[in-house]
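Enquirer: Starting from these lines, generate the structure:
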Amino acid sequence: MPSEIETYQQEMFQEALGKSEAEGSFLQEALFDIYTDKLIENGDISAAHQVFYSKPGKNNRTEKVSGYDGDPIESNDGSLSLLIADFDTSPTEVETLNRSGMEAEFTKLRHFVESALDDNFRHGLEETDPAFGLADLINTRWGKIDKLRMILITNKALSNRVDRTPSTQIHDKPVSYSVLDINRMQRLQYASEEREEMSINLLADYGGGIPVLPAHLGNEEYESYIAVLPAEKLAAIYDRWSDRLLEQNVRVFLQARGNVNQGIRNTLSNEPGMFFAYNNGITATAENIETIDGVNGKEISRLQNFQIVNGGQTTGSIYAASKAGTDLSGVFVQMKLSVISPDRSEEVVPKISQYANSQNRVNAADFFSNHPFHVRIEDFSRRMYVPAQGDSLKESKWFYERARGQYQNELSRRATVAQRTAYGFEFPKHQKVVKTDLAKFISVWDGVPHIVSRGAQKCFVDYAGKIGSLWEINPDQFNEMYFRHAIAKAIVFRETEKIVSSQPWYETGGYRANIVAYTIAKLSRDLQINKQVLDFEDIWRNQKITPGLANVIAIGATQVKEIILNPGQHGSRNISEWAKQEACWKRVEALEVSWPDSLQGCLLTAGEQKDLNKQAGKNQKELNGIEAQIAVTTAAPNLWANVKDWGNNGGFLTDTDRGVLKTAIDFHSDPSNTPPSDRQCERILEVLSRLQIEGCTLELTSNDQ
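Expert: Numbering: from 1, shown residues only. Predicted coordinates for the structure are as follows:
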C-alpha cells in the first residue's frame with residue numbers, strides 16, 4: 001500500500017499531467033507552475049518567470065536555471081530570486097534527494113549566474129531566448145543586487161540528514177538557499193492551506209527581546225501590547241523574512257516611490273532623532289508570543305506568524321535606509337501589537353489592516369477574501385450549473401476559490417471515495433478558478449496586459465482596486481451574467497494558451513504567458529473600437545470557443561508575438577521585463593491586425609450588450625432584496641432587539657434606523673405581523689454592518705443554527 005507522501009506525489013503528478021494536456025504545455029512547465037504558485041501563495045516570491053536552460057559550459061561545468069522572480073530593483077529588499085527545478089517526470093516512487101544531489105543543482109545555478117556576467121556567454125545566446133533575457137538582467141542589475149536567493153523546487157524528498165545549506169557569496173553578493181521538496185509541498189497543501197509557520201526568535205537571532213506594555217485587561221478575546229522597536233532590529237527582521245512580514249498588508253506591493261516614503265527617507269537621513277515624533281509607527285499582529293521578565297519589565301522573546309498590517313512603507317523605507325548605510329542606531333519605531341489566535345486570524349487581521357491603513361489611501365477590503373465581491377462570486381459558483389454538454393446529461397459547476405485551500409478542504413470533508421468522486425464530478429478540478437486567476441482572466445479584457453505580465457499578485461492588486469471602486473458605485477453590476485462572462489473569459493484564456501503552444505513558431509517555447517495576455521487584450525481593444533463585444537453567453541453555453549474564434553486568436557498571436565519578442569530600442573532587452581511596460585502595450589495597441597471574417601459569428605454589438613447588462617443588473621437588485629429579506633426574517637429571534645439596544649447605547653442609530661429595526665423586531669415577536677419589505681431588510685443589514693465597524697460583535701446567524 002503506498003504511503004501518504006507517495007499518494008500525494010501521484011495526485012500532484014496527475015494534476016500536472018492534466019494541466020499539461022489542458023494548456024498544451026510541457027510536463028516540466030506544468031510542474032514548475034504548480035510549485036511556484038505555492039511559493040507565491042506562501043510569500044516566498046511574488047512572481048515566477050520560466051527560463052528553462054541547461055547546457056554544458058566551459059570546463060564541462062553545467063549551467064542551469066529554470067526561472068526567476070523579477071527585476072531585483074522592484075523588490076523591497078534588492079534581492080534576485082532564482083529558481084532551479086529537479087523534477088522526476090516519470091515517478092514510480094518518491095526518490096530521495098541527498099545533500100550531494102542538492103548541492104549539485106545549486107552549483108549549476110551558481111554557474112549560470114557567474115556566466116551571465118561574461119560577455120561571451122551572453123553574446124552566444126539568442127536574444128529571443130529567455131535565458132538571454134535573464135542573463136542580461138543579471139549583468140545589467142548586478143550593481144543594484146543586494147543578495148541572491150536560490151530556490152530548488154523538486155518532487156523528490158530532501159534527505160532528513162540535510163538540515164540546512166550555509167550561505168555563500170558570488171562576487172561579494174550574499175547567496176541564500178532554500179528547497180521546496182515534495183514533503184514541504186504536502187505540508188503547504190494540507191495544513192488547511194494556511195501559512196507555513198514563521199517563528200522569530202528575538203533572543204537568539206536579533207540581539208534581545210522587545211520591551212512591551214500590555215494594553216488589555218485580560219478578559220478580551222485577544223491581547224494588545226504597545227512597544228518601542230529599534231529600527232535596526234526591524235530592518236534585520238525584514239532582511240530575514242522580507243515580504244512574508246507583509247502578507248496581510250494591503251500596500252505590500254506599493255513601492256517606495258510616493259511622497260510618504262520620500263518623507264520617511266528624508267527624516268531617517270537628516271533628522272533621525274525626530275523619526276519617532278514624525279512617524280505613526282507600525283501596526284502588527286502575531287498568532288502567539290512568548291515573553292520574559294527583562295531588566296525594565298516584560299519583554300517579547302519570540303513572535304509566531306508576525307505580520308505588519310500597517311506600516312509596510314515605514315518598514316521598507318527603514319530597510320532601504322539600512323542597506324544604503326544610514327545610521328539607524330538612534331531611530332526607534334512605535335508598534336501596536338495584537339495577538340490573534342489562528343482560528344480568528346482570517347476574520348480579524350484584515351479588519352485591523354483595513355481600519356489601521358490611512359496613508360496612500362486604497363480600498364483595503366478589496367484585497368481580502370471576505371470582501372462582498374468575492375463572497376458573491378463564490379455563491380454564484382456554488383449554485384450555478386454549467387449547461388450539459390453533448391450527449392451527457394450530467395451538469396457540473398465552476399468552483400471559485402476565494403480563500404486558499406477551499407477546494408481541497410471541501411474535498412477532504414467527503415469521508416468516502418464515492419463521496420469524493422461525486423464531488424469531483426460536480427466540481428471538476430479543471431473547473432477551479434482561484435481569485436488571482438480571475439483577476440488575470442478579466443484584466444486582459446480590460447486592456448492591461450502589461451500589468452498581467454507583472455505577475456499574479458501585482459495583477460490582483462490592480463484588479464482589486466478597480467473592483468472595489470466599481471463595487472462602491474454599483475454592486476448590482478456583479479451579477480449572474482458577470483459570473484457567466486467571467487467563466488467564459490477563463491475558457492478563452494485557457495484555450496488561447498493551447499493555441500499559442502500549438503503554433504509552429506512556438507516550438508522553442510518561451511513567453512507564452514505574455515503572448516496570451518497581449519493577444520486577448522488586443523482583440524478586446526479592437527472590438528471595443530468597433531463597438532463590438534464577444535458573445536460570452538455563447539461561450540458559457542458551449543463551454544468552448546468556436547473554430548472561427550480559435551483561428552482569429554492564432555492569427556492575432558502570430559502578429560502580437562513579433563512585438564513581444566522584439567523590443568528593439570523601445571524597451572528592455574529582457575523580454576519578460578519589456579512585456580511589463582506600458583510602452584509594450586502601446587505598440588501592440590497601434591498594431592494593425594486584419595482580423596478574419598470568421599470572427600463575425602461570435603460577436604454582439606455594444607448596444608446589445610448594454611441592454612443585457614441593464615437587465616442583469618435589474619435581476620441582481622431583485623435578488624439582493626429577496627436574499628436580504630430571507631436573512632433578516634430567519635435571523636436568531638433576539639438579534640435585532642440586541643442590535644437596536646447596542647446601537648442606542650452607543651448613539652449610533654438614526655430615527656430611520658430604529659424604525660426599520662422595529663419592523664424586524666415586531667415580526668420576530670409575532671410572525672403574523674407584516675414582515676419588513678426587501679428595501680427595509682437591505683437597510684437593516686446595512687445598519688448591522690455599520691455597527692460592526694463601530695465594534696459591535698453581534699453576528700447575523702440563522703434561526704436554525
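Enquirer: In the stretch 601-705 of the chain, mark out all the strands, start to finish.
Expert: 603-605 (DSSP state E, counting those that start in this stretch).
Enquirer: what about it, any weak spots by pLDDT?
Expert: 701-705 (pLDDT under 70).
Enquirer: hmm, try it at 50
Expert: 704-705 (pLDDT under 50).
Enquirer: And the chain, by the same measure?
Expert: Using pLDDT under 50, the chain drops low at 192-195, 249-260, 357-367, 704-705.
Enquirer: report the longest helix in it, please.
Expert: As assigned by DSSP state H, the longest helix anywhere in the chain is helix 606-633.
Enquirer: Please point out which parts of that helix sit buried.
Expert: By neighbour count on 16 or more other CB atoms under 10 Å, the buried set for helix 606-633 is Gln609, Leu612, Ala616, Gly617, Gln620, Asn624, Gly625, Glu627, Ala628, Gln629, Ala631, Val632. Placement of C-beta: from N, CA and C, glycine included.
Enquirer: Please dump these into JSON lines; it should also carry distance to Pro56 for every row.
Expert: Formatted as JSON lines, those follow (distance: CB to CB, whole Å):
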{"residue": "Gln609", "distance to Pro56": "56"}
{"residue": "Leu612", "distance to Pro56": "59"}
{"residue": "Ala616", "distance to Pro56": "59"}
{"residue": "Gly617", "distance to Pro56": "62"}
{"residue": "Gln620", "distance to Pro56": "61"}
{"residue": "Asn624", "distance to Pro56": "64"}
{"residue": "Gly625", "distance to Pro56": "69"}
{"residue": "Glu627", "distance to Pro56": "64"}
{"residue": "Ala628", "distance to Pro56": "68"}
{"residue": "Gln629", "distance to Pro56": "71"}
{"residue": "Ala631", "distance to Pro56": "66"}
{"residue": "Val632", "distance to Pro56": "71"}
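Enquirer: Spell out the residue ranges of the helices in the stretch 301-450 of the chain.
Expert: In the stretch 301-450 of the chain, the helices defined using DSSP state H, counting those that start in this stretch lie at 312-323, 342-356, 372-383, 406-413, 417-426, 435-445, 449-452.
Enquirer: Make a markdown table out of those and add distance to Glu21 and mean neighbour count.
Expert: Formatted as a markdown table, these follow (distance: least, CB to CB, whole Å; neighbours: other CB atoms under 10 Å):
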| stretch | distance to Glu21 | mean neighbour count |
| --- | --- | --- |
| helix 312-323 | 40 | 23 |
| helix 342-356 | 34 | 17 |
| helix 372-383 | 24 | 17 |
| helix 406-413 | 20 | 15 |
| helix 417-426 | 17 | 12 |
| helix 435-445 | 18 | 22 |
| helix 449-452 | 24 | 27 |
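Enquirer: Just tell me which of those ends up closest to Phe483.
Expert: helix 372-383 (4.0 Å; CB to CB).
Enquirer: Just the C-alpha atoms of that closest one, please, in PDB.
Expert: Extracted C-alpha coordinates of helix 372-383, given in PDB (Å, rounded to 0.1, in the frame of the first residue of the first chain):
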ATOM      1  CA  PRO A 372     -18.600  41.000  -0.600                       C
ATOM      2  CA  PHE A 373     -17.500  40.800  -4.200                       C
ATOM      3  CA  HIS A 374     -15.600  37.500  -3.600                       C
ATOM      4  CA  VAL A 375     -18.400  36.200  -1.400                       C
ATOM      5  CA  ARG A 376     -20.900  36.900  -4.100                       C
ATOM      6  CA  ILE A 377     -18.800  35.300  -6.900                       C
ATOM      7  CA  GLU A 378     -18.300  32.300  -4.600                       C
ATOM      8  CA  ASP A 379     -22.100  32.000  -4.100                       C
ATOM      9  CA  PHE A 380     -22.700  32.000  -7.900                       C
ATOM     10  CA  SER A 381     -20.100  29.300  -8.400                       C
ATOM     11  CA  ARG A 382     -21.700  27.000  -5.800                       C
ATOM     12  CA  ARG A 383     -25.200  27.200  -7.200                       C
END
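Enquirer: picking up where we left off before, and of the helices of the stretch 301-450 of the chain, who's closest to Leu688?
Expert: helix 372-383 (13.5 Å).
Enquirer: Which strands or helices does that closest one pack on?
Expert: Packed against helix 372-383 by the contact rule (3 or more CB pairs under 8 Å, 6 or more residues apart in numbering; DSSP states H and E) you find strand 399-401, helix 456-473, helix 480-501.
Enquirer: Would you mind saying which of those lies nearest Asp37?
Expert: Closest among the helices and strands packed on helix 372-383, using CB to CB: helix 456-473, at 7.9 Å.
Enquirer: Pull the distance from that closest one to the chain's centre.
Expert: 12 Å (CA atoms, centre = their mean, to the nearest Å).
Enquirer: name the helices or strands packed onto the longest helix of the chain?
Expert: If you count contacts as 3+ CB pairs under 8 Å, 6+ apart, helix 606-633 packs onto helix 480-501, strand 532-534, helix 655-669, helix 678-693.
Enquirer: Same list, those, but as JSON lines with distance to Met335 please.
Expert: JSON lines is the format used below for the helices and strands packed on helix 606-633 (distance: least, CB to CB, whole Å):
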{"stretch": "helix 480-501", "distance to Met335": "40"}
{"stretch": "strand 532-534", "distance to Met335": "50"}
{"stretch": "helix 655-669", "distance to Met335": "37"}
{"stretch": "helix 678-693", "distance to Met335": "24"}
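Enquirer: ok so, going back, in JSON lines: the helices of the stretch 301-450 of the chain, plus distance to Asp476.
Expert: Below are the helices of the stretch 301-450 of the chain laid out as JSON lines (distance: least, CB to CB, whole Å):
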{"stretch": "helix 312-323", "distance to Asp476": "33"}
{"stretch": "helix 342-356", "distance to Asp476": "23"}
{"stretch": "helix 372-383", "distance to Asp476": "10"}
{"stretch": "helix 406-413", "distance to Asp476": "25"}
{"stretch": "helix 417-426", "distance to Asp476": "28"}
{"stretch": "helix 435-445", "distance to Asp476": "18"}
{"stretch": "helix 449-452", "distance to Asp476": "26"}
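Enquirer: Which positions in stretch 546-560 come out as buried?
Expert: Of the residues in stretch 546-560, Thr546, Leu549, Ala550, Val552, Ile553, Ala554, Ile555, Gly556, Ala557, Thr558, Val560 count as buried by neighbour count, 16+ other CB under 10 Å.
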